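>>> sequence first, then the predicted structure, then my questions.
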Amino acid sequence: MQTQTEEKPEQAVVRKRIGIHIPQEVQAFFCCLVLQLHLPILPLFLEYIITGQTKVENVTLTAAIFVVSTSIVSRNSAMLACGIVSSIIFSSLYGVTLAGNAPPTYLLIFGWIAIEATIAIHAVERYNRHVYELEPFFPPTVK
């Protein structure tokens with residue numbers, strides 16, 4: 001009598017990734033927050049860390065450029081209009097800071113308010129764009 005031996009198929013080795021999986025849409029939103037909203041104002045933070053203060057002139061100039069450059073990439077036309085008007089105002093105020101007299105300290109507060117309000121509004125818009133609509137931050141390359 002012959003005995004039959006049953007052969008078992010080889011089982012595939014299951015490998016598990018080590019680490020945290022971050023969804024692509026969350027990565028896109030995070031890249032936007034870091035690269036588009038916080039990297040442009042990094043010189044102001046470095047100035048504060050190195051010297052202990054930020055000059056009114058630097059905050060005013062940064063506000064003029066940052067507000068308009070961020071609002072240009074917005075899909076919201078009201079944001080674009082406010083960004084252009086704010087940029088014109090802060091560009092004029094930058095001229096006031098260079099007039100030779102001591103610049104008013106309230107310009108420092110207004111400049112930071114404009115920068116932070118722009119970041120907050122744009123972050124909400126970009127959350128919807130990247131997380132809700134699943135638009136990548138870095139567009140796929142065409143081959």
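That came through fine.
>>> now do the helices in the protein.
According to DSSP state H, the chain carries its helices in the segments 24-31, 42-51, 56-72, 77-97, 106-127.
>>> distance of the spatially closest residue to S87 that is not a sequence neighbour from L61?
Nearest residue to S87, sequence neighbours excluded (C-beta to C-beta, 6 or more residues apart in numbering): V68, at 3.6 Å. Placement of C-beta: from N, CA and C, glycine included. To L61, V68 is 12 Å away according to C-beta to C-beta, to the nearest Å.
>>> now do S77
Per C-beta to C-beta, S77 is found 26 Å from L61.
>>> over to T51?
The gap separating T51 from L61 is 16 Å, by C-beta to C-beta.
>>> what about these two, which has more around it?
When T51 is set against L61 and neighbours are counted by other C-beta atoms under 10 Å, the residue ahead is L61, at 19 against 9.
>>> now do the same contact list for the more buried one.
Residues counted as contacts of L61 (C-beta atoms under 8 Å, 6 or more residues apart in numbering) are 90, 94.
>>> now it: how far from S86?
With distances taken as C-beta to C-beta, L61 is found 13 Å from S86.
>>> and the contacts of stretch 77-94?
Here stretch 77-94 makes contact (C-beta under 8 Å, 6+ apart) with 57, 60-61, 63-65, 67-68, 70-72, 74, 107, 110-111, 114, 118, 121-122, 125.
>>> recalculate using a threshold of 6 Å.
Applying C-beta atoms under 6 Å, 6 or more residues apart in numbering, the contact partners of stretch 77-94 are 60-61, 63-64, 67-68, 71, 74, 107, 114.
>>> so which of those is surrounded by the most neighbours?
Most neighbours among these, by other C-beta under 10 Å: A63, with 29 neighbours.
>>> just give the closest residue to that one, not the sequence neighbours.
Of all residues not flanking A63 in the chain, G111 sits nearest, at 4.1 Å (C-beta to C-beta, 6+ apart).
>>> what's the local residue count around that neighbour?
27.
>>> for it, list the residues it contacts.
By C-beta under 6 Å, 6+ apart, the contact set of G111 is 59-60, 63.
>>> dump those residues into JSON lines; add pLDDT and distance to E47 as well.
As requested, the contacts of G111 are arranged in JSON lines below (pLDDT from 0 to 100; distance: C-beta to C-beta, whole Å):
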{"residue": "V59", "pLDDT": "96", "distance to E47": "9"}
{"residue": "T60", "pLDDT": "96", "distance to E47": "13"}
{"residue": "A63", "pLDDT": "96", "distance to E47": "14"}
